[in-house]
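Peer 1: all I have is the shape, not the residue letters:
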């Protein structure tokens, strides 16, 4: 075992936290200000849009009616013609379809409501866009066509044809209106673990308020003849719930209604079928797509259990819109790999930076549509990241405007987590032999805080005899990362997070997994900057008493990848991989855990390690894990 390291005192930790807080904020701001981390929709100067309708410009979309057979997405062909074609022409999808009628009118309307808005131009940003020269024939002939993938977002749609590029957009033509057969239909179910181990929450989105229809989930266990119905609660939010621009201005879009039902008293490991729906006052029932899930194992149950963990995915686009190749270039490939790998895992923990909507709220619907093939089949647990929550003067731990005015509202509404207060995104989740303690790095976690007290309870209440695998998950690395902008601090990762090391060590936390940093890295079992494995050469397996916590950074879900610090690796850094992917935890029994980093590109494990141990190894004392005592006391 490595030599004993004297723990840092709380005073030193606090002093260090104060000293680096400003530097930390500057470093993170610098990382978030690069041009490849800017929401593409924010680069469109919609407030400067001029109406310049051109009789020679034409744009047409087909088909007019989408989803005739209940589909929640459809491909739309857009044909367009423009005089004097140029690289500055572009096509954008808007919803509602009457967007062009209010050009220049937003300032007076919004001022009357007590808000702020652009002085002219369009009151709303598009949902997505493409440059016209993507169509090969456009630059030579002035005519072109392209395909957009459109999802059901509760309203009608129209396309606008613009000239003038992003900086000086001129609206020169508006297409015909298109719409889904039932714009209000229930769509995009997403599962999550409930507050009890035998409970599953089902959340979805629709256009039906509670005075229009009664939301429910119809479900049954495999082999049962008759389904049962469970009612759902309904939430929404408005412009006034949001904290700033663009979320409450040009980026705002009515979110519709978000419904959650709780399916209780599930039998462990049994397969269930379910279908979301709404019953209208006349007795008519509108249903969503049917799906299935397998109920969680009983806490401590000995069986094969597999959990996926990653952060920082963002929004992919199968139609090539929004120029997202430079913003979240790996989002779609990771999503596709997770869909393909779906039979081989039981739950997902997406630990922050979910959609990167960054105040353009229509993208939350787009994101829930993207993950629906996954989230409708296995629990999709989420954590709060800086791009969900951080906004100045809103009670968060960090200042800044990473959420662009969202201040947590969309994420906390679109997704259910088993927290006591969804505005404080920390919670415990049990899955068989795993206990997950999920932290919220956007709120204070230091000793004396409400969150620190929760984490102490969450770790301490784990039954390690039956739940041997104790995992801490949070968005920002509160442990170890040799990312390039953390290296500027001199000690790597967020020193303020080191205040949790005492808890990790005391409660023998096996694994801590983070996002935020867009690369993969894992450490040795480490405590206070020192590897506690005795300097062993084989970093692919650990057995017996774990002297520290293995920290894994997995902010590799899809956002643009980041570099590591220059110079020698710190001695605690064991493996690095600058690739898109996710971590998979596989517990085959109470004594064996395998941790793998799976590449999104090929589905192969490019880094892995094993932990093998018995219960007595969990009980054994290591450095600072047991209270001092003697026979005399």
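Peer 2: Cool, got the structure. Computed from a predicted structure; not experimentally measured.
Peer 1: what's the closest non-adjacent residue to residue 340?
Peer 2: residue 603 (6.9 Å; CB to CB, 6 or more residues apart in numbering). For the C-beta atoms, the positions are set from N, CA and C on the backbone; glycine is no exception.
Peer 1: what does residue 233 give?
Peer 2: Looking at residue 233 with CB to CB, 6+ apart, the closest residue is residue 260, at 5.6 Å.
Peer 1: so that neighbour touches residue 202, yeah?
Peer 2: Yes: counting by CB atoms under 8 Å, residue 202 is a contact partner of residue 260 at 6.9 Å.
Peer 1: who's more crowded, those two?
Peer 2: A count of neighbours by other CB atoms under 10 Å puts residue 202 above the other of residue 260 and residue 202, at 27 against 20.
Peer 1: just the element for the more buried one, please.
Peer 2: Assigned by DSSP states H and E, residue 202 belongs to strand 200-206.
Peer 1: adjacent strands (with direction) for that strand?
Peer 2: Next to strand 200-206 in the sheet, as set by DSSP bridges, lie strand 187-193 (antiparallel), strand 257-263 (antiparallel).
Peer 1: lowest mean pLDDT among the helices and strands of the protein, which one is it?
Peer 2: In the chain, the helix or strand scored least confidently by mean pLDDT, DSSP states H and E is helix 10-32, which has a mean of 34.
Peer 1: could you point out which element follows it?
Peer 2: strand 50-51.
Peer 1: I'd like the next helix or strand past that following strand.
Peer 2: Heading C-terminal from strand 50-51 (DSSP H and E), you reach strand 58-62.
Peer 1: in its sheet, what does that following strand sit against?
Peer 2: Take DSSP bridges as the rule and strand 58-62 pairs in its sheet with strand 73-81 (antiparallel).
Peer 1: for the strand it pairs with, which positions count as buried?
Peer 2: Neighbour-count burial for strand 73-81 flags 73, 74, 76, 78, 79, 80, 81 (criterion: 16 or more other CB atoms under 10 Å).
Peer 1: for the first one, which non-adjacent residue is spatially closest?
Peer 2: For residue 73, ignoring the flanking residues on the chain, the nearest one in space by CB to CB, 6+ apart is residue 151 at 4.5 Å.
Peer 1: what do you get for the fifth one?
Peer 2: Beyond its immediate neighbours in the sequence, the residue positioned closest to residue 79 (CB to CB, 6+ apart) is residue 145, lying 4.7 Å away.
Peer 1: what does the helix or strand encompassing the one you found contact?
Peer 2: Counting by DSSP H and E, the element that carries residue 145 is strand 143-151. Contact with strand 143-151 is made by 66, 72-81, 91, 93, 128, 130, 132-138, 157, 159, 178, 187, 317-319, 321, 365-366, 369, as judged by CB atoms under 8 Å, 6 or more residues apart in numbering.
Peer 1: domain-wise, how is the chain divided?
Peer 2: The record's domain split for the chain, according to the TED database, is 39-108+116-180, 298-619.
Peer 1: what's the closest of the ones you listed to residue 280?
Peer 2: domain 39-108+116-180 (16.0 Å; CB to CB).
Peer 1: centre of the chain versus that closest one, how much separation?
Peer 2: Relative to the chain's own centre, domain 39-108+116-180 is displaced by 28 Å; criterion: CA atoms, centre = their mean, to the nearest Å.
Peer 1: and the average pLDDT for it is what?
Peer 2: Across domain 39-108+116-180, the average pLDDT comes to 90.
Peer 1: the stretch 201-350 of the chain: strands as residue ranges?
Peer 2: 214-221, 228-231, 233-235, 257-263, 271-279, 285-294, 305-310, 347-351 (DSSP state E, counting those that start in this stretch).
Peer 1: any idea which of the ones you listed gets closest to residue 563?
Peer 2: Proximity to residue 563 (CB to CB) singles out strand 305-310 among the strands of the stretch 201-350 of the chain, at 19.0 Å.
Peer 1: which elements pack onto the closest one?
Peer 2: In this structure, strand 305-310 makes packing contacts with strand 347-351, strand 434-438, strand 581-589, judged by 3 or more CB pairs under 8 Å, 6 or more residues apart in numbering; DSSP states H and E.
Peer 1: how many degrees apart are the first one and strand 581-589 in direction?
Peer 2: To tie it back to what came earlier, the one meant is strand 347-351. Interaxial angle of strand 347-351 relative to strand 581-589 (axes from the mean of the first three to the mean of the last three CA atoms, to 10 degrees): 140 degrees.
Peer 1: returning to that earlier point: residues touching the residue nearest to residue 233, list them.
Peer 2: Taking CB under 8 Å, 6+ apart, we find residue 260 in contact with 201, 202, 203, 232, 233, 235, 416.
Peer 1: one more: residue 356?
Peer 2: For residue 356, the contact set (CB under 8 Å, 6+ apart) comprises 39, 314, 315, 327, 328, 363, 387, 559.
Peer 1: show me where the stretch 51-200 of the chain has strands.
Peer 2: Secondary structure of the stretch 51-200 of the chain (DSSP E, counting those that start in this stretch): strands located at 58-62, 65-66, 73-81, 90-94, 128-131, 143-151, 158-163, 170-174, 179-180, 187-193, 200-206.
Peer 1: how many neighbours does the residue nearest to residue 73 have?
Peer 2: By other CB under 10 Å, neighbour count at residue 151 equals 21.
Peer 1: residue 613 contacts residue 591, correct?
Peer 2: Yes: using CB under 8 Å, residue 613 makes contact with residue 591 at a distance of 6.0 Å.
Peer 1: okay, and the common contacts of those two?
Peer 2: Residues touching both residue 613 and residue 591 by CB under 8 Å, 6+ apart: residue 468.
Peer 1: neighbour count for these two, which is higher?
Peer 2: Taking other CB under 10 Å, residue 613 and residue 591 do not tie; residue 613 has more neighbours (19 against 15).
Peer 1: what's the pLDDT at the more buried one?
Peer 2: Per-residue pLDDT puts residue 613 at 95.
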